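Peer 1: Just to be clear, the model below is a prediction. Sequence and coordinates:
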Amino acid sequence: MNPSNDYDTIIIGAGMSGLAAGIRLAHYDQRVCVLEKHWTIGGLNSFYRVNGRNYDVGLHAMTNFTEKGAKKGPLARLLKQLRFRWDDLQLAEQKGSRIAFPGVHLDFNNDIQMLEAEVNAKFPHQKDAFQLLLSRLVEYDDLAQEDFQLSTRKILGEIFTDPLLIEMILCPLMWYGNAREHDMDWGQFCIMFRSIFLEGFARPFKGVRLILKHLVRRFRELGGDLKLRSGVSRIRVDGNRAVGVELENGTILTAKRILSSAGIVETMRLCDDGSVSEVYLAGEMSFIESISVLECQPKAFGFDKTIVFYNDSEKFHWGKPVKDLCDLRTGVICSPNNYAYASSEGELEAGFVRLTTIADHNRWSAIPENHYTAEKLRWYDESVAAAVRFMPDFRRHVIDTDIFTPKTIRRFTSHDNGAVYGAPQKQLDGTTRLGNLFLCGTDQGFVGIVGAIVSGISMANQHCLLVD
């Protein structure tokens, strides 16, 4: 074996969690290699440039925002563990977001008091129940894995007497991090409630590329080895341990341990010992997303919200479409223009509206190639028509568009079914049936940019900094 192909830790996937884990390990002088199947980093949280414009993929907002100088919370932990400064991320807070259902909406920002006031005004009979929920969230222990998979709908049904408020609270939290159809793990609910309502939304002026740039630069400064276009064809197993990987080009790399952000189903399938786990099933929640480029800023036609989570009936719909390529009953509207950027940064070069709609990976994958583009355009029109029920109509201002589907997600994440949030059943401690093969990222139970980064840090600390 070529010594240059022997590592302390091999990390599969150059997304947020993989790069963060690589930095953490390289800080302790480990020889680390991050492998990425594609020609670019970030997975679905990436960026690209078309027709002279920069586009973010995956990033509506960073959750878990805390003010500069905060000592607690996931963002503060991230900065400390990676040795970043708060100013490195250049975060601007949201201007204000909305949960919109027929005839009623709840506005919120990064101060929980605004959401409390909205609930008190529109659901006055649920005021005490909402305070009870907040106290339950404070009491929840993130390490109590036995409580993680409890039914959130059941727990909320015991707290609230108004089913509409339950649906409205669930809507943004499921949209921002729920792999389970129709219901939500209680532990996931607590994590997402804190990250969105108790902490909040923010965004770097230059988008996700700024975050990725800092991660890659720090990893390389510390001597980390980043290999693009280096997909893993199999994980080589000897007994109850992984001994290395074979790349798609035939190159063999060895390591003391492997940390994978590919997802538990996908990771275990790579193992060459012939023992495929039957316990874990791939998720089904996938999406189409469109980016509309506008000739003006959204505020010019009266849209000032950062994110709108909408649902067109009193019952929130969260599941794979039953009959068609997409389910238009619920969706997310986001404008990266509507953040409180510093005056020195000015405004984004154009107006943008991003729409996200639930989609069926299998139906999208079955479309003949010669019909694929036409279907994308049809569902773009349909999703925009659905969204403008809950925002000012922006269609006459559109000058360019781009659209991705579950096929795109499958291609860039390798997740079965294009499942953005991975498998419904999470492996919270990151362990697998092999003693030195670990998981980080989505299927370890953390979602979103900050969650993914913290997952990489946590799994590196817990499993990869131990003495073998």
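Peer 2: On my side now, so go ahead.
Peer 1: tell me the domain boundaries of this protein?
Peer 2: 3-65+207-281+422-464, 111-196, 284-413 (automatic domain parsing).
Peer 1: Let me have those in JSON lines, adding mean pLDDT and mean neighbour count as columns.
Peer 2: C-betas here are computed from N, CA, C, even on glycine. Below are the domains of the chain laid out as JSON lines (pLDDT from 0 to 100; neighbours: other Cβ atoms under 10 Å):
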{"stretch": "domain 3-65+207-281+422-464", "mean pLDDT": "90", "mean neighbour count": "21"}
{"stretch": "domain 111-196", "mean pLDDT": "93", "mean neighbour count": "18"}
{"stretch": "domain 284-413", "mean pLDDT": "95", "mean neighbour count": "18"}
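Peer 1: Which one, of those, ends up nearest to Ala92?
Peer 2: domain 284-413 (4.2 Å; Cβ to Cβ).
Peer 1: give me every residue that touches Lys426.
Peer 2: 148, 179, 185, 188, 443-445 (Cβ atoms under 8 Å, 6 or more residues apart in numbering).
Peer 1: Kindly report the same for Leu210.
Peer 2: Counting by Cβ under 8 Å, 6+ apart, Leu210 has contacts 89-90, 204.
Peer 1: ok, and the most crowded of the residues you listed?
Peer 2: Within the contacts of Leu210, neighbour counts (other Cβ atoms under 10 Å) peak at Pro204, which reaches 23 neighbours.
Peer 1: Strand partners (parallel or antiparallel) of the helix or strand in which Tyr55 is found?
Peer 2: Using DSSP states H and E, Tyr55 maps to strand 53-57. Paired with strand 53-57 in the same sheet, following DSSP bridges, are strand 46-50 (antiparallel).
Peer 1: Touching the partner strand from outside, list them.
Peer 2: Contacts to strand 46-50, defined as Cβ under 8 Å, 6+ apart, come from residues 40, 54-58, 207-209, 212, 402, 412.
Peer 1: ok, now with 6 Å
Peer 2: 40, 55-57, 208-209 (Cβ atoms under 6 Å, 6 or more residues apart in numbering).
Peer 1: okay, how far is it across stretch 434-444, tip to tip?
Peer 2: 15 Å (Cα to Cα, to the nearest Å).
Peer 1: Stretch 71-91 too?
Peer 2: 17 Å.
Peer 1: CA atoms only for the strand holding Tyr55, dumped as CSV, please.
Peer 2: Taking C-alpha atoms only, strand 53-57 is exported to CSV below (Å, rounded to 0.1, in the frame of the first residue of the first chain):
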residue,chain,number,x,y,z
ARG,A,53,-25.7,35.0,-12.0
ASN,A,54,-24.9,33.2,-8.8
TYR,A,55,-27.4,30.7,-7.4
ASP,A,56,-27.5,29.0,-4.0
VAL,A,57,-28.8,25.5,-3.8
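Peer 1: what packs against the next helix or strand after that strand?
Peer 2: With elements assigned by DSSP H and E, the helix or strand that comes after strand 53-57 is helix 74-82. Under the contact criterion of 3 or more Cβ pairs under 6 Å, 6 or more residues apart in numbering; DSSP states H and E, helix 74-82 touches helix 448-459.
Peer 1: quick one: contacts of the helix it packs on?
Peer 2: 16-17, 20-21, 24, 62-64, 74-75, 78, 81, 430, 438, 440-441, 444, 446.
Peer 1: just stretch 189-196 next, same as before
Peer 2: The set of residues external to stretch 189-196 that reach it, using Cβ under 6 Å, 6+ apart, is 63-64, 137, 140, 152, 173, 176-177.
Peer 1: Export these to CSV and append columns for secondary structure.
Peer 2: Below are the contacts of stretch 189-196 laid out as CSV (DSSP: H, G, I helix; E, B strand; the rest coil):
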residue, secondary structure
Thr63, coil
Asn64, coil
Leu137, helix
Tyr140, coil
Thr152, helix
Leu173, helix
Tyr176, coil
Gly177, coil
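Peer 1: ok, which pair from the residues you listed is furthest apart?
Peer 2: Asn64 and Thr152 (19.6 Å).
Peer 1: for the contacts of strand 46-50, which one is nearest Ala282?
Peer 2: Closest to Ala282, out of all of these and judged by Cβ to Cβ, is Val57, at 21.1 Å.
Peer 1: Leu164 and Glu314 touch, don't they?
Peer 2: Yes - with contact defined as Cβ atoms under 6 Å, Leu164 reaches Glu314; the gap is 5.3 Å.
Peer 1: what are the ranges of the helices in the stretch 251-400 of the chain?
Peer 2: 264-270, 361-365, 369-387 (DSSP state H, counting those that start in this stretch).
Peer 1: and the closest residue in space to Phe352 that isn't next to it in sequence, what are its phi and psi?
Peer 2: Sequence neighbours aside, Pro336 is the residue nearest to Phe352 in space, at 5.3 Å (criterion: Cβ to Cβ, 6 or more residues apart in numbering). Phi and psi for Pro336, reported as degrees, to the nearest 10, are phi -70, psi -10.
Peer 1: now Pro336: how far from Asn51?
Peer 2: 17 Å (Cβ to Cβ, to the nearest Å).
Peer 1: Over to Ser233?
Peer 2: For Ser233, the distance to Asn51 equals 35 Å [Cβ to Cβ].
Peer 1: Quick one: the helices in the stretch 101-250 of the chain, in order.
Peer 2: In the stretch 101-250 of the chain, the helices defined using DSSP H, counting those that start in this stretch lie at 112-122, 127-139, 145-148, 152-159, 163-175, 186-193, 208-221.
Peer 1: okay, the ones you listed in a markdown table with distance to Ser261 next?
Peer 2: As requested, the helices of the stretch 101-250 of the chain are exported to a markdown table (distance: least, Cβ to Cβ, whole Å):
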| stretch | distance to Ser261 |
| --- | --- |
| helix 112-122 | 31 |
| helix 127-139 | 28 |
| helix 145-148 | 20 |
| helix 152-159 | 26 |
| helix 163-175 | 22 |
| helix 186-193 | 18 |
| helix 208-221 | 13 |
